[in-house]
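K.L.:
mind looking at a prediction? Sequence and model below.
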Amino acid sequence: MPADESPTPPSGVSFVMPVLNERAYLEHAVASVLAQDVDGPAELVLALGPSTDGTTELAQRLAAADPRIRLVDNPAAHIPVGLNAAIRASRYATIVRVDAHSELSPGYAARALQTLERSGAANVGGVMHAEGRSPFQKAVARLYNSPVGLGGGAYHGGTQEGEAESAYLGVMRRAVLDEVGLFDESIRRGEDWELNLRIRQAGHRVWFDPDLSVTYWPRESWLRLARQFRATGAWRGELVRRFGRRNGIRYFAPPILLLVVVLALVVGILQLTGVLSGPASLIASLLVCTPLALYVLLVVGVALAPGGGGLRQRLWTLAVLPTMHLSWGLGFLGGVLRGARDTVDASRLGTRNTPLP
């Protein structure tokens, strides 16, 4: 074998999971992985960031109890760095990405492997189905599952199987990952979209299968949600700087909303100070207030729509939907104008969560 070639990994499945401050969710996420029934050997590689909530100790106990669990360090705490460390430490030909804030549905891996073989794709993903416990988290989950909340990507509720722009988490051929160079460690959020772009540019297919489902648990508080969406928006802005029109048009809706809000505030100040008056004031009001009024009606309509839950959940929806859009839009504008730089998802740092029942 030539010196520059790596040996072909044996058949089997390597689940890879970056972990940081996930004590409340890790045990359930790991259990959902170990319960997967696949032909051939399987392993779970946890990339451990510098957690402060007991996650590392829990991971070590889980690994001591099951030889299928292996641990690698991720001192940088960044998701793509941890993913690459876990992939490099993995032993098998199929890589299944798993998030510590998620749970795989029964039969997920077996179905994904069948779809991978049937479609001939390099990466297969399914639906991210958000769930919640508290009224706040349930409101967030409902909006995650709605095109109004996250823009209508296939993995947020698509029903048509076929080629896709990206894949949630992803079940990937290790040979293709090695070919395109794993995850780009300079991208802290949106790393999956960028990887799938390179996979498609290399002539491979990314595939969406709506029969694949992963349960996702959103952030548990308003502040953590706002931090998460601001960081995600900043990195989408960075991706726009790098890749331009390859980014879908839906990514530009939240920053446009934010600009309209800012413009409405400016118009209001000019009117109060008398700088803007007469017909010009009326025209300006119509131009900025009409889209804002329509947005308010949209938010209220979503909160009152069937399936909105109890009163507290509906009230949280009134706050959560604008928070998601405006935080994301603020991050996006910053990312486009100056780059994401060292923006991180601060909602994952220093958490103290109550374990799932």
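P.N.:
Sure thing, it's come through.

K.L.:
next secondary structure after the strand or helix carrying residue 230?
P.N.:
Secondary structure here is read from DSSP states H and E; on that basis residue 230 sits in helix 222-243. Under the assignment DSSP H and E, the closest C-terminal helix or strand after helix 222-243 is helix 253-272.

K.L.:
if we can go back for a sec, mind giving me the packing neighbours of the helix holding residue 230?
P.N.:
Packed against helix 222-243 by the contact rule (3 or more C-beta pairs under 8 Å, 6 or more residues apart in numbering; DSSP states H and E) you find helix 191-201, helix 311-338. Where you see a C-beta, it was placed from the backbone N, CA and C, and this is true even at glycine.

K.L.:
with mean pLDDT and mean neighbour count added, can I get those in JSON lines?
P.N.:
Below are the helices and strands packed on helix 222-243 laid out as JSON lines (pLDDT from 0 to 100; neighbours: other C-beta atoms under 10 Å):
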{"stretch": "helix 191-201", "mean pLDDT": "95", "mean neighbour count": "21"}
{"stretch": "helix 311-338", "mean pLDDT": "96", "mean neighbour count": "20"}
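
K.L.:
so what's the gap between the helix holding residue 230 and the chain middle?
P.N.:
11 Å (C-alpha atoms, centre = their mean, to the nearest Å).

K.L.:
what do you get for stretch 276-292?
P.N.:
Here stretch 276-292 shows a centroid-to-chain-centroid distance of 38 Å under the convention C-alpha atoms, centre = their mean.

K.L.:
ditto for stretch 24-31
P.N.:
The chain centroid and the centroid of stretch 24-31 are separated by 18 Å, computed with C-alpha atoms, centre = their mean.

K.L.:
for the worst-scoring helix or strand of the chain on mean pLDDT, the distance to its chain's centre please.
P.N.:
Each helix and strand of the chain was given a mean pLDDT (mean pLDDT, DSSP states H and E); the minimum falls on helix 147-150 at a mean of 82. The gap between where helix 147-150 is centred and where its chain is centred comes out at 13 Å by C-alpha atoms, centre = their mean.

K.L.:
could you shift the numbering so residue one becomes 314, and keep it that way?
P.N.:
I'll keep to 314 as the first residue from here, and by that count the last item is helix 460-463.

K.L.:
what's the local residue count around the closest residue to residue 456 other than its chain neighbours?
P.N.:
Using C-beta to C-beta, 6 or more residues apart in numbering and skipping residues adjacent in sequence, the residue nearest residue 456 is residue 462, 3.1 Å away. Applying other C-beta atoms under 10 Å, we find 21 other residues in the vicinity of residue 462.

K.L.:
assess the claim that residue 462 and residue 454 are in contact.
P.N.:
No. Using C-beta atoms under 8 Å, residue 462 is not in contact with residue 454; the gap is 9.5 Å.

K.L.:
can you lay out the helices and strands packed on helix 535-556 as CSV showing distance to residue 383?
P.N.:
Supplementary listing: those in CSV, determined by distance: least, C-beta to C-beta, whole Å:
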stretch, distance to residue 383
helix 504-514, 22
helix 624-651, 34
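
K.L.:
nearest to residue 586, out of these?
P.N.:
With C-beta to C-beta, the closest approach to residue 586 among the helices and strands packed on helix 535-556 belongs to helix 624-651: 25.1 Å.

K.L.:
helix 566-585 and the closest one, what's the angle between them?
P.N.:
Using axes from the mean of the first three to the mean of the last three C-alpha atoms, to 10 degrees, the interaxial angle of helix 624-651 with respect to helix 566-585 works out to 90 degrees.

K.L.:
ranges for the strands of this structure?
P.N.:
Taking DSSP state E to define them, one finds strands in the chain at 326-332, 355-361, 382-386, 407-410, 415-417, 436-443, 475-476, 484-486, 519-529.

K.L.:
look up how far residue 625 lies from the nearest residue to residue 517 once chain neighbours are set aside.
P.N.:
On the basis of C-beta to C-beta, 6+ apart, the spatially nearest residue to residue 517 that is not a chain neighbour turns out to be residue 435, at 3.6 Å. Using C-beta to C-beta, to the nearest Å, residue 435 is found at 44 Å from residue 625.

K.L.:
can you check residue 351 too?
P.N.:
Residue 351 sits 41 Å away from residue 625, going by C-beta to C-beta.
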